[in-house]
Structure formats: structure tokens, C-alpha cells
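Colleague: Sharing a sequence plus its predicted fold:
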Amino acid sequence: MKLEGMHHITMITGDASRNVAFYAGVLGLRMLKQTVNFDAPEAYHLYFGDERGSPGSILTWFEFAGTQRGRAGAGMIHTIQLGVAAEAALDFWAERLAANGYERRRQQRTLSFADYDGLRLELVVADDGNPPLRAVHPEVPAEHAIVGVEGARAYSGRGTEADRELLTETLGFTELAGGEYRVDGRERHFHWGYDRTTEVGVQGAGSVHHIAWHTRDEDHRRWRQRVANAGMHVTPVIDRDYFLAVYFRQPQGILFELSTTSPGFAIDEAPEHLGEQLRLPRQHEHLRPQLERTLTPLRNPRAGAVGA
């Protein structure tokens, strides 16, 4: 039994419209789903990724409209690494980000920048074996498109010993040197690393809420039990409509989720029309009239597009 890599990473934004404009527009990801937060249905939950919504490509956001910017600190993810196929793609993205008013810093095999909320992102050359997970965008050549989420870096305030046993013995991460780890699934891998800080973090716009690891459907309950046996306080299995999930806060303070592959995002929309209309969790469908009045209307840029 092994984790299959990353499933998704969830952030907080203060502006859903800008979120769609940046991730589906500037970065060219596919907007997969516009729904609401299960625990706070007055707030959007937006999903972006490749054409199919494949685990390993998915980035999601809770919108708490107008919330102040957060700040990454100890026990929080501070950087998300997105893959591109080759160094030539970094030149393309450097020009595209500049044209859209975003500062960036180019190094030999990376391009660092921040989104409109201040979330730190890094484009990295993904040439060590992950199958590409691309979205289609008319302004982004396929050879330069983002090919999935390659890794994430978090701040450690307690030293890398704090969760080493959980990561390696319980979750099966491979420990590398100097606070670096790697998750190896059958098809995809994911890089996980720590940087030391004494800064206290603040949750808010531009901060990461949690990271979800991808499990095979049939292994999900066994993973839950394994984490519980390791002494973590883990939630019951929760049905998130598009996957099953359990949550626990690991010793560094980072919220981990374990998510299944199925049923996927096409359970309530045709694959060719993902993310084009507001979809509500079954438990909140009765709130539709109220939510359609209060949520800011969003337009998926793929809606009605030729070939979409």
C-alpha cells in the first residue's frame, strides 16, 4: 500500500473573479468546478487543473471575499512548484507574466513569482518522470503548458525531526537529504521539503489551507486506520462528492488530507462542460436560491469556447 502522490492543494483567496482570471486565464489551467465550501456554503470553492481534473494537477481555493492577506509561517506551506516540460517554457512564462503585470525571478531551471494574493509559486522543469497533466488554452502552446504540480515547500518551526517518523514510517515518504522528501506512487511522484523559520504564520488570502495526498479508493480506510494507529487525531471519512476525504493535523502543524481517486469531477457535469455552472454539494442544494443571489457570478472562460 502506497500513496499515489499529491491529490490537490487548497488555498484561500479574497477575490474569486481574480482567482479565475489568473489561474484559468494567465496560467491557462482548466477551471474544473465552481462549487461552495462544505463547511461554509456562503463561500466559493473553486477547482483548477488539467483537462480531466486528474489528481496531481488540482489546485483549489476557498473564497472568503475581501479577507486580508495571510503570511506563511511555521507549520504552513509557503511555495507550490508547478511543472513545465523544458527550460524554453520558462522563457515563455517569464514573458507572459510580465505582460500581465506580474514580477518574476528567473533562475536556470526555475521561475519564481507570486499571484495577485501573494501566494508564492515556482515553475520548475519537470523532467524526472511524471506523466504530463496539461490543460488546453488558446494562448498557451502545448509545449509550454503547465504539466502538473511537482512539489511543495513548507516552513518548519520544530525541526525536521518533528514529523520524520510519520512521513517515512507511516506515510511511506522517501527521506532525502536536508529536510527533503519524495512521495513515489505507481505513476506520479511529488517533492516535499522544509525550510526553517521562526515566523508565526497568519491564515488569510494567499495562504495554503491544506494539502491532500492521493490514495487508491480501496486503500482509503486502511490509510485512515494507519494514520490513527500512528497517534494522529484523524477525522471520520467525509464524502466530498468528488472524492472521499479524511483530515489530520501532522506534528509540524500542517493540515493533511487523504483523498480518493473516485468518483471524480464528471459525476455531476459532462466532461466537456466541467466548471461552467454552479454545482452545490448535495447537502446544500436547498440553499441554491439564496446562494445564487449572494455569490458573485463567475464565468468559466471555457464556457461556449470552440472545442471546449
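Modeller: Perfect, I can see it now.
Colleague: all helices of the stretch 151-300 of the chain, in order?
Modeller: Counting by DSSP state H, counting those that start in this stretch, the stretch 151-300 of the chain has helices at residues 164-165, 220-229, 288-294.
Colleague: And these: which comes nearest A303?
Modeller: helix 288-294 (16.4 Å; Cβ to Cβ). All C-beta atoms are positioned from the backbone trio N, CA, C, and that covers glycine.
Colleague: Now do the buried residues in the closest one.
Modeller: Residues of helix 288-294 classed as buried: L291 (neighbour count, 16 or more other Cβ atoms under 10 Å).
Colleague: Off-centre distance for the helix or strand harbouring M31?
Modeller: Assigned by DSSP states H and E, M31 belongs to strand 30-36. From the chain centre to the centre of strand 30-36 is a distance of 13 Å (Cα atoms, centre = their mean, to the nearest Å).
Colleague: Next, the angle strand 30-36 makes with the next helix or strand along the chain from it.
Modeller: Where DSSP H and E defines the elements, the next helix or strand beyond strand 30-36 is strand 44-49. Orientation check (axes from the mean of the first three to the mean of the last three Cα atoms, to 10 degrees): strand 44-49 against strand 30-36 gives 160 degrees.
Colleague: So which bits of whichever helix or strand comes after strand 44-49 are buried?
Modeller: Beyond strand 44-49 on the C-terminal side, the first helix or strand identified by DSSP H and E is strand 58-63. Within strand 58-63, the residues that count as buried by 16+ other Cβ under 10 Å are 58-63.
Colleague: Give me the residues contacting the strand holding M31.
Modeller: Contacts with strand 30-36, where a contact means Cβ atoms under 8 Å, 6 or more residues apart in numbering, come from 20, 23-24, 42-51, 53, 58, 135-136, 241-242, 265, 269, 274-275, 277-281, 284, 291, 295, 298, 300-302.
Colleague: pLDDT weak spots in this structure?
Modeller: Low-confidence segments of the chain, defined by pLDDT under 70: 304-308.
Colleague: State which helix of it is the longest.
Modeller: helix 87-99 (DSSP state H).
Colleague: Show residues contacting that helix.
Modeller: 26, 84, 103-104, 106, 108-111, 113, 123, 125, 139-141, 143-145.
Colleague: can you count the residues close to H45?
Modeller: H45 has 22 neighbours, counted by other Cβ atoms under 10 Å.
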